[in-house]
Structures are given as C-alpha cells and as structure tokens.
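*Asks:* Fold the following for me, if possible:
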Amino acid sequence: MKKLNKGLRKKVRDAIRNGKVEERDGIYRFSDRIGSIPRGTVIIGKRVVYGYPKIRRVFSLAEGAERNLGKKETWAEEKIDGFNLRVAYEHGKVVCISRGGFLDYFAMEKISEREEVGEFFKIHPEKVLHIEMVGCTPYTPPAKDYDVKYYVFDISDGKLNFLPTGEKRKLCREYRMGAAPLVERMGGPDSGKLKKAAIRVEKSGGEGIVLKQDKPRKIIKYVVPSSEIEDLAENSHMIFDMPAGFMKQRVFRSAISISELGLDKDKYDGKLGRALHKNLYTAIKNRGEVSEDFEVLVKKNRTWRKVLEHMSDEVRIEVDSKKKEEGGTRIKFRKIYKKGSRRLRRAIGGYAQAD
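*Replies:* Have a look, this model is predicted:
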C-alpha cells in the first residue's frame with residue numbers, strides 16, 4: 001500500500017472502509033466500481049491491473065455495426081466461450097486474475113507451464129494478456145481430446161490502453177500464443193460480409209463474433225443463435241439459480257438473429273423448445289439434483305484446495321473420482337446448486353406452493 005501514489009492510496013483506504021475493496025491472497029481487489037476504476041481491478045505491490053471493461057452487446061449484427069462502429073478497418077474475431085482471465089508478470093512469476101479480481105491458482109498452474117507465455121513476458125514484462133481459457137477447467141465443459149487451451153483476445157498495459165488488433169495478432173504469431181480466431185477483416189463494416197461471417201461461426205458451432213476498430217478503440221459483441229439456444233439447454237435445470245432475465249434474454253436475442261440471418265425458423269423453433277426442457281428432465285430423473293459435471297488435471301494439492309476455496313457458498317462440491325496419472329491428479333467432480341436443488345425437490349416432492 002505504501003508504494004502507491006497518494007491519491008490512489010486515499011481511494012483504496014476509503015473503499016476498504018466502505019467494503020468495496022478487500023485484501024485477499026496478498027492483493028487488493030475492487031469488488032465494485034469506484035469512479036473510473038472498474039470492478040475487478042487489483043493492486044499487486046505497486047502495480048494496478050485494471051478490470052477488463054464490459055463489451056457492449058448488439059442484438060442485430062448489421063444495424064448494430066452501422067450504429068456503433070465507424071467506417072474504418074474492422075476486425076471480426078471469434079468470441080470464445082471460456083472463462084475470462086488477465087495474465088500478468090509480477091514478482092518474477094506469472095499471475096492469473098479472474099474477472100472478479102481473484103487470483104486464479106488453477107489458471108496459474110496451467111499458464112505458468114507454457115513456454116511461449118514465459119518468453120513473451122521476458123521481453124514484455126509490463127504487458128497484460130487478456131485470455132479466455134477452455135477445456136478441463138473448474139468452470140467450462142470438459143474437453144475429450146485436450147486438457148486446456150487459451151486464446152488471447154487483447155493485450156494491454158494493465159491500464160486500459162490496448163494494443164491495436166493487428167499488433168496483438170502479430171505478437172501472438174511471434175511468440176506462438178493462441179489468438180482468438182480471425183473470422184473476417186474488412187475495410188469497414190460490410191453487412192453482407194458480416195452476415196456470411198456470422199453464418200460461418202453459427203455452422204462451426206462457435207459462440208459469436210467480436211467486432212473491433214482501433215484509434216479510437218470501438219468494440220461490440222454479437223452471439224449467434226445456436227449458442228444462445230445451447231446456453232438455454234445447458235442451464236435449463238438451473239432455472240432457480242440463474243438471473244431472472246437469463247432465459248428471457250436468450251429467447252429474445254435468438255429470435256432476432258434467426259430472422260436477420262435468414263435461418264430455418266421451424267428448425268430453430270424445435271431446437272429452442274427442446275433446449276428449454278433438456279436438463280430439467282435429467283434433474284427431475286435425478287430426484288431434483290441440479291448439478292454440472294467438471295474435470296480437472298492438477299499437479300499440486302494446493303491448486304485443488306484453492307479451487308474449492310473460491311467456489312461460491314451456493315454450490316456444494318461432490319468429488320466423483322480422483323486418479324493419479326502422468327501430469328498430476330485427474331479429479332472429476334460435480335457442482336451441486338443448493339437453491340435450485342432445494343426448490344426442485346420440494347416441487348417434485350409434492351409440497352404445495354403459492355403461485
């Protein structure tokens with residue numbers, strides 16, 4: 001704290017008194033936005049790593065691009081459905097920070113092993129990698145043919161100053177780091193090219209696209225309808241655990257996308273209907289247990305303890321198996337959602353409820 005400048009020190013002290021900043025694992029994290037400082041911002045030693053700003057969403061791709069972007073060069077990159085991390089180099093080691101501002105020990109174990117990331121930070125220790133991690137993690141569906149993968153979608157100085165997209169992609173190539181896949185590069189937003197790009201992502205099973213322009217930086221995101229419907233399918237049994245607008249938003253957004261992209265309405269209506277019941281049937285069959293299955297490979301017992309430590313109080317962890325293998329211990333576990341399970345069990349158990 002003493003290493004910070006006087007103005008920031010005062011902001012942090014005031015925020016600590018107001019319960020908006022907490023010290024955890026040796027860092028200060030901002031649990032809420034304070035003035036121009038975003039939620040998820042952290043202070044490590046004398047360095048401040050700002051939280052990643054929210055990207056505005058558009059429901060209509062062509063209209064959204066025209067209204068929110070300029071006429072200059074536009075990069076369309078695939079939106080990756082993983083968990084969001086900031087990767088920095090501090091105190092001689094790689095540090096991974098979650099969106100909420102927590103140190104993520106699982107990600108640190110994985111990313112610290114990547115030689116290309118170490119080589120990047122040898123030359124660029126002041127930079128921050130903004131990544132999405134997918135695969136066998138505590139937060140994403142397990143992969144069958146690999147452990148984990150990461151995709152760099154931005155590189156910054158930690159203070160919301162981002163490299164131009166072309167420069168970011170060049171550095172990713174130079175250091176052999178995985179970058180968010182490029183879908184399309186245009187001289188300016190082109191409704192025809194954007195529609196074709198979205199349909200390609202839709203057919204490939206991707207989540208959506210992120211449109212970026214540099215100097216000034218402008219950025220918007222768009223999710224394709226199959227991803228919206230898949231979200232509904234995967235979370236249909238969590239109807240009591242998800243935010244109130246979760247299902248409504250996805251039904252609404254998918255209808256706009258299906259119409260705009262000229263997709264087969266009957267086909268997608270059928271997919272949507274099945275999605276709304278898919279995992280609910282499974283939960284009912286399992287006597288009201290609302291749960292998700294995960295799988296991780298960890299080298300250190302401490303890493304697994306930290307994973308458990310950071311789980312929400314609303315979730316109970318049930319370990320199904322632990323198996324030693326080359327590379328560490330493979331742990332298969334379930335997250336059981338307490339609130340949803342309780343309400344579903346009461347419903348199928350015959351308890352009367354007031355509507």
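*Asks:* switch to C-alpha atoms for all contacts and neighbour counts from now on
*Replies:* OK.
*Asks:* Centre-most residue in this protein?
*Replies:* F83 (3.1 Å; CA atoms, centre = their mean).
*Asks:* looking at it, that residue is touching C136, isn't it?
*Replies:* No: F83 lies out of contact with C136 (CA atoms under 8 Å); the separation is 11.5 Å.
*Asks:* Pull up the distance across stretch 136-151, start to finish.
*Replies:* 15 Å (CA to CA, to the nearest Å).
*Asks:* May I see the buried residues of it?
*Replies:* 136-140, 142-143, 148-151 (16 or more other CA atoms under 10 Å).
*Asks:* all helices of the stretch 151-300 of the chain, in order?
*Replies:* Applying DSSP state H, counting those that start in this stretch to the stretch 151-300 of the chain gives helices spanning 165-174, 191-204, 225-235, 246-261, 265-285.
*Asks:* Now render these as JSON lines, adding mean pLDDT and mean neighbour count.
*Replies:* Output for the helices of the stretch 151-300 of the chain, formatted as JSON lines (pLDDT from 0 to 100; neighbours: other CA atoms under 10 Å):
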{"stretch": "helix 165-174", "mean pLDDT": "98", "mean neighbour count": "15"}
{"stretch": "helix 191-204", "mean pLDDT": "96", "mean neighbour count": "16"}
{"stretch": "helix 225-235", "mean pLDDT": "96", "mean neighbour count": "22"}
{"stretch": "helix 246-261", "mean pLDDT": "96", "mean neighbour count": "16"}
{"stretch": "helix 265-285", "mean pLDDT": "95", "mean neighbour count": "16"}
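*Asks:* Distance to D214 for the ones you listed - can I get that in TSV?
*Replies:* Formatted as TSV, the helices of the stretch 151-300 of the chain follow (distance: least, CA to CA, whole Å):
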stretch	distance to D214
helix 165-174	7
helix 191-204	18
helix 225-235	27
helix 246-261	26
helix 265-285	36
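*Asks:* Show me the one of those that comes nearest D14.
*Replies:* With distances scored as CA to CA, the stretch of those nearest to D14 is helix 246-261 (34.3 Å).
*Asks:* Show me what the closest one is packed against.
*Replies:* Here helix 246-261 touches helix 191-204, helix 225-235, helix 265-285, going by 3 or more CA pairs under 8 Å, 6 or more residues apart in numbering; DSSP states H and E.
*Asks:* how far out from the middle of the chain is it?
*Replies:* In this view, helix 246-261 has its centroid 20 Å away from the chain centroid, taken as CA atoms, centre = their mean, to the nearest Å.
*Asks:* Mind checking which of the buried residues of stretch 136-151 are in strands?
*Replies:* 148-151 (DSSP state E).
*Asks:* quick one: which of those residues is nearest A197?
*Replies:* A197 lies nearest to Y151 out of those, by CA to CA, at 19.3 Å.
*Asks:* thought the closest one was touching G135?
*Replies:* No: applying CA under 8 Å, one finds Y151 not in contact with G135, separated by 11.6 Å.
*Asks:* closest to K218 out of the helices and strands packed on helix 246-261?
*Replies:* Judging the helices and strands packed on helix 246-261 by CA to CA, what sits closest to K218 is helix 191-204, at 16.4 Å.
*Asks:* Now do the closest one: distance to the chain's middle.
*Replies:* With CA atoms, centre = their mean, you get 22 Å for helix 191-204.
*Asks:* now what about stretch 22-35, what contacts it?
*Replies:* Residues outside stretch 22-35 that contact it (CA atoms under 8 Å, 6 or more residues apart in numbering) are 15-16, 20-21, 38-45, 100-103.
*Asks:* How about stretch 38-54?
*Replies:* When contacts are defined by CA under 8 Å, 6+ apart, stretch 38-54 is touched by residues 1, 3-4, 26-33, 37, 90, 98-102, 158-160.
*Asks:* Out of the helices of the stretch 151-300 of the chain, which gets nearest to D293?
*Replies:* Nearest of the helices of the stretch 151-300 of the chain (CA to CA): helix 225-235, 11.2 Å.
*Asks:* and that closest one, how far from the chain's centre?
*Replies:* 15 Å.
*Asks:* now swap in stretch 190-203 and tell me
*Replies:* Between the centre of stretch 190-203 and the centre of its host chain there is 23 Å, according to CA atoms, centre = their mean.
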